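Visitor: next comes the sequence, and after it the predicted model I'd like to discuss.
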Amino acid sequence: MNPYNTRKGVFHVYQLFPPLHIAAPAVTYRKHLIEKITKDGDGLAFMHIYSFDQNGQVEIKAKFQNVFIMCNLIHFVWQGLHQDFLGETEEQQIKNLKFMWALFDAVTFCSLDKQFEVQVKVDSFGRMGSNHKFLYILSVMNNLSGDERVQFHNFLHSFDCTSNTG
């Protein structure tokens, strides 16, 4: 996993530059958007599929199904040749995918958090804030409702990370 690549990608994936029809300065727009997706509600909208309603409030469409994070996870497993980490059984694979998902969520959060500053600072990943976010993400995953858990597991099953066939 390369946090630098995640840090580069979040600016584009999360569309942190204002569209042409928005008159707000770029810094103001970026900070407002990051605040909405990392602090409003449970503070985890950035890792879900979300949209904004007409009042600018975040609406979660599907929990833990952000394609950017899944792409990073798949890249780590396939390109990094880390298939062994997944384990042998389906149960082990789902459990380990959840841990990796939480790790990539924490890295993405830290990358977004860095973009919140007017002058972007680059710190190493791994400080206690990252650990707290990682543990919080795992807690939220473990407390999904029955339907949300099934939907998330189905999403994880839709990506066969055990082979390199894509």
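Guide: Looks like it arrived, so ask away.
Visitor: tell me the secondary structure at the residue sitting furthest away from the middle of the chain.
Guide: The centre of the chain is farthest from one residue, A23, which by CA atoms, centre = their mean lies 28.1 Å away. Under DSSP: H, G, I helix; E, B strand; the rest coil, A23 falls in the coil class.
Visitor: cool, S51 as well?
Guide: Going by three-state DSSP: S51 is strand.
Visitor: gap between F46 and L135?
Guide: 17 Å (CB to CB, to the nearest Å). Where C-beta positions appear, they are placed from N, C-alpha and C, glycine not excepted.
Visitor: the two - which one has more neighbours?
Guide: Using other CB atoms under 10 Å as the criterion, F46 and L135 rank with F46 on top: 23 against 12.
Visitor: doesn't L112 make contact with the more buried one?
Guide: Yes - applying CB atoms under 8 Å, one finds F46 in contact with L112, separated by 6.0 Å.
Visitor: list residues touching both of these two?
Guide: Y14, I37, T38 (CB atoms under 8 Å, 6 or more residues apart in numbering).
Visitor: since we're on F116, how many residues are nearby?
Guide: Per other CB under 10 Å, the neighbour tally for F116 reads 17.
Visitor: secondary structure element for the residue nearest to it when sequence neighbours are not counted?
Guide: In space, and not counting its chain neighbours, F116 is closest to I34: 4.7 Å by CB to CB, 6 or more residues apart in numbering. Using DSSP states H and E, I34 sits in helix 26-38.
Visitor: can you list contacts of that helix?
Guide: Contacts of helix 26-38 (CB under 8 Å, 6+ apart): 14-18, 22, 24, 45-46, 50, 52, 56, 58, 109, 112-113, 115-116, 118.
Visitor: how many other residues sit next to the closest residue to V10 other than its chain neighbours?
Guide: Spatial nearest neighbour of V10, excluding adjacent residues (CB to CB, 6+ apart): S111 at 4.5 Å. A count of neighbours around S111, defined by other CB under 10 Å, yields 24.
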